[in-house]
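>>> Sequence unavailable; structure follows:
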Ligand SMILES: Nc1ncnc2c1ncn2[C@@H]1O[C@H](COP(=O)(O)OP(=O)(O)OP(=O)(O)O)[C@@H](O)[C@H]1O
């Protein structure tokens, strides 16, 4: 062992000693803070005297309450911070740092050794940094430069200097295992080691090996919209998560994790990425799928089709009669043209076309739908649309009041009074007495008049109706949306061109709405229509939204997100070669998105290097897509993918079982058998049930499971496996050109090994994968 290595190990030991001391000090502090919180909670009401007899007492009570609540909040926040710091220090006990730069600032003569880890550590004096946080300004030099002139940006300006040397350290369990002078060595040994390992149940942070182009994404801080277009496995999700950690660090005084939302493809993906931020000592951002949001807004009214059910239909129902129209409907309803048409339609409602629901009580009409419409269109059309609706609502409330007066004299009210139970009678009595100003002790003296009781009963019975009117439920949004499709010619007023299948699209939309079903392609347009009429529900507390797998969102959905989060900056990450939804063909690149905030507010970063898979796998998968040669594989050796042609399914299942056994022996922890659809997955799972511990992953699975799994292609998005089997890459299954992206997505999930089987002729999608890239067995 050379002396430099020994010196470095000694430094590691010293730093770990400091970390251990800090931990023991902090453990005492956190336990004290925890006790404080418990005590404040326990004695909260002892400390506050609740007295509301006089105004001064009341004021004193409020002030006391506020002081206690403040003390509790301060203690809770101190405790939270201390616990977070403690968690970070515990991780640093294992790996205190991973890199070092020797940086000589302009005007100085000795370089400073800057050690970089997941969090900052200073010496006892607090003046010298033993470790710099990877997000600190100076640490950017580590990621951005090779030895030579270098600079970094601080809030006070740009610091110029010279990067003398750059080191990578591999420290595990407090022991320095290796160190590389990366200014001398060629290739990235640590990255090789990281990528060569098996996959895990959870994604991990990549801070030790962030690449220069990824660092640009992480530290980007200009404009409203950042678009990242990157090849499969290029680190888009990883960069997005480290970006969140970076923003939380840089804006720690004004930004917290609750103000960031990650839109992710499914719940399983949420669990897969849930560890990255906590590993870096940060709290997780909010995570949501677009479907969850739609459900939250619309599921009371409708049964909304799940996007994966829509996808399953597209993948499996091509023989059904309405298939072509349905696919055309999905594409058309995702377009900005339809988004604009809905805006124009809503505008036209100012003059005609609103649909209302009549209001009736006990089977008798109070106001008919036609009367409501007449009233609405009798308003001055120069008033704002929403004000007209407000006026209409007030008028309807008045109609209810009129109806109320008339109802009081009707016989049903007397009958109701007679049927009141003692309890109800007493309740009504007490209520009316209090309303008349009687104090608790004088209530018994109150004489209840029968008229007042009748009034009360009618009022109560009409309360639900009043509530519905206040919530604008007299507007028939479904009727208004449906109207767009009832007369196929109507939409031509607002659209230059309708799809050829428009009449069929209209028919299938109306049929679904009549059954109170909302097809997935209708859900966002419907919600937009609703918001344009009733007013937009926006969320102004969110400062950043990150949309992963953005190729699966329609331009329509992006417009919607922009309106929903008016103050948020947006980071959008995707790969069009993995666009698997039928609506995705509406957007062939992210250029369309530039119009969202305008080009001055938009920046685009492309990632072309791919890290997930071995070089032979990438050399194969990139031949499956147009312009795939732009993808640069990371130099990691491995075996070439294998295509095995078989004659029947019995043979296929035998081969898969033996391949899985083989791979298990090689030590692979996660093996995926990827099928085209859920339908194929179910069949495969049944047939392969003899494989020990095999699991079926389906829509709704919340956890990403390790081991041997059968999974439909679209659910495997975003995640990765040690080894992948493409269940049946035959002409029969992947015969259609429209499946190219689904097929590519499935193949790019493999890290170390890829095996394709084909029952009968292989898919024509494999045509370009030359012999040199694919072993045919
Ligand atoms: N700089 C890096 N250092 C270490 N590992 C990396 C780095 N960049 C990417 N990886 C690894 O490469 C794999 C792919 O990364 P990630 O899932 O973020 O890519 P992606 O672009 O989102 O992929 P896809 O679009 O195919 O879902 C992960 O295992 C990730 O840890």
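Arrived safely. Just so you know, these numbers come straight off a predicted model, no measurement behind them.

>>> Please list the residues of the stretch 101-250 of the chain that sit near the ligand.
Taking C-beta under 6 Å from any ligand atom as the criterion, the stretch 101-250 of the chain approaches the ligand at residues 191, 194-195, 206, 209-211, 214, 230, 232-238. Placement of C-beta: from N, CA and C, glycine included.

>>> The same query, at a cut-off of 8 Å, please.
Counting by C-beta under 8 Å from any ligand atom, the residues of the stretch 101-250 of the chain close to the ligand are 191, 194-195, 199, 203-204, 206, 208-211, 214, 230-241.

>>> Output the contacting helices and strands for the helix or strand residue 464 falls within.
Element membership for residue 464 (DSSP states H and E) is helix 450-470. Packed against helix 450-470 by the contact rule (3 or more C-beta pairs under 8 Å, 6 or more residues apart in numbering; DSSP states H and E) you find strand 359-361, helix 385-408, helix 411-418, helix 422-435.

>>> To residue 495, which of these lies closest?
Closest of the helices and strands packed on helix 450-470 to residue 495 is helix 385-408, at 21.4 Å (criterion: C-beta to C-beta).

>>> The closest residue to residue 208 other than its chain neighbours: neighbour count?
Closest residue to residue 208 apart from its sequence neighbours, by C-beta to C-beta, 6 or more residues apart in numbering: residue 98 at 3.8 Å. Number of residues near residue 98 (other C-beta atoms under 10 Å) recorded here: 21.

>>> give me the number of residues near residue 176?
Counted with other C-beta under 10 Å, residue 176 comes out at 19.

>>> That one in helix, strand or coil?
Classification of residue 176 by DSSP: H, G, I helix; E, B strand; the rest coil places it in strand.

>>> Counting neighbours, what do you get for the closest residue to the ligand within the stretch 1-150 of the chain?
With C-beta to the nearest ligand atom, the shortest gap between the stretch 1-150 of the chain and the ligand falls at residue 143, namely 9.3 Å. Using other C-beta under 10 Å, residue 143 has 22 neighbouring residues.

>>> The ligand contacts on the stretch 501-650 of the chain?
Residues of the stretch 501-650 of the chain lying near the ligand by C-beta under 8 Å from any ligand atom: 548-549, 573-575, 578, 607, 610-612.

>>> which of these has the weakest pLDDT?
Lowest model confidence among those falls on residue 578, which carries 88.

>>> Correct me if wrong: that residue contacts residue 717.
Yes - Residue 578 lies in contact with residue 717 (C-beta atoms under 8 Å); the separation is 6.9 Å.

>>> Give the residues shared as contacts by these two.
Counting by C-beta atoms under 8 Å, 6 or more residues apart in numbering, the residues touching both residue 578 and residue 717 are 549, 745.

>>> thinking again about what came up before, what does the pLDDT read for the residue nearest to residue 208?
On pLDDT, residue 98 comes in at 95.

>>> quick one: it and residue 326, what's the gap?
51 Å (C-beta to C-beta, to the nearest Å).

>>> Can you tell me the closest non-neighbouring residue to the residue of the stretch 51-200 of the chain at minimum distance from the ligand?
Using C-beta to the nearest ligand atom, the single residue of the stretch 51-200 of the chain nearest to the ligand is residue 194, 4.9 Å away. With C-beta to C-beta, 6+ apart as the criterion, residue 194 has its nearest non-adjacent residue at 6.0 Å, and that residue is residue 209.

>>> Contact partners for that neighbour?
Per C-beta under 8 Å, 6+ apart, neighbours of residue 209: 188, 190-191, 194.

>>> Restricted to buried residues, select those residues in ChimeraX.
Selection of the buried residues among the contacts of residue 209 in ChimeraX, burial being defined by 16 or more other C-beta atoms under 10 Å:
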select :188,190,191
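
>>> So the residue nearest to residue 208 sits against residue 119, correct?
No - using C-beta under 8 Å as the test, residue 98 is too far from residue 119 to be in contact (12.0 Å).

>>> Please look at residue 739 and residue 676 and confirm they touch.
Yes - taking C-beta under 8 Å as the definition, residue 739 is a contact partner of residue 676 at 7.2 Å.

>>> more crowded one of those two?
More crowded of residue 739 and residue 676, by other C-beta under 10 Å: residue 676, with 23 against 19.

>>> contacting residues for the more buried one?
Residue 676 touches 315, 712-713, 727-728, 733-734, 739, 742, 746, counting by C-beta under 8 Å, 6+ apart.

>>> And for residue 247?
Neighbours of residue 247 in contact, by C-beta under 8 Å, 6+ apart: 255, 260, 544.

>>> Around the first one, how many other residues sit close by?
Counted with other C-beta under 10 Å, the neighbours of residue 255 add up to 16.

>>> Look at the nearest residue to residue 116 once chain neighbours are set aside and say how many residues are nearby.
In space, and not counting its chain neighbours, residue 116 is closest to residue 99: 4.3 Å by C-beta to C-beta, 6+ apart. Neighbours of residue 99 under the rule other C-beta under 10 Å: 25.

>>> what's the answer for the one 4 residues further on, then?
When counting by other C-beta under 10 Å, one arrives at 24 neighbours for residue 103.

>>> Quick check: the gap between the residue lying farthest from the centre of the chain and the ligand.
Using C-alpha atoms, centre = their mean, the residue of the chain lying farthest from its centre is residue 445. It sits 61.6 Å away. To the ligand, residue 445 is 75 Å away according to C-beta to the nearest ligand atom, to the nearest Å.

>>> surely that residue meets residue 439?
No - applying C-beta under 8 Å as the test, residue 445 and residue 439 come out as separate, 10.1 Å apart.

>>> Need phi/psi at the closest residue to residue 202 other than its chain neighbours.
Once flanking residues are discounted, residue 202 sits nearest to residue 275: 4.0 Å by C-beta to C-beta, 6+ apart. Torsion angles at residue 275 (phi, psi; degrees, to the nearest 10) stand at phi -90, psi -20.

>>> pretty sure residue 275 is in contact with residue 203, am I right?
Yes - between residue 275 and residue 203 there is a contact under C-beta under 8 Å: 6.8 Å.

>>> Who has more neighbours out of these two?
residue 203 (21 against 17).

>>> That one - that's part of a helix, no?
No - membership of residue 203 in a helix is not supported by three-state DSSP, which gives coil.

>>> show me where pLDDT drops low in the protein?
Low-confidence segments of the chain (pLDDT under 70): 1, 44-53, 184-187, 448, 582-589, 770-772.

>>> how does it divide into domains?
The record's domain parsing of the chain by the TED database lists 1-196, 201-300+537-610, 359-471, 637-772.

>>> Any chance of TSV for those, columns distance to residue 521?
As requested, these are exported to TSV (distance: least, C-beta to C-beta, whole Å):
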stretch	distance to residue 521
domain 1-196	39
domain 201-300+537-610	7
domain 359-471	26
domain 637-772	16
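
>>> if we can go back for a sec, shared neighbours, residue 739 and residue 676?
Joint contacts of residue 739 and residue 676 (C-beta under 8 Å, 6+ apart) are residue 315.

>>> any idea how far residue 111 lies from residue 165?
8 Å.

>>> what residues are shared contacts of those two?
residue 102.

>>> going on from the helix or strand where residue 528 lies, what's the next piece of helix or strand?
Following DSSP H and E, one finds residue 528 within helix 520-534. Downstream of helix 520-534, the next assigned helix or strand under DSSP H and E is strand 544-547.
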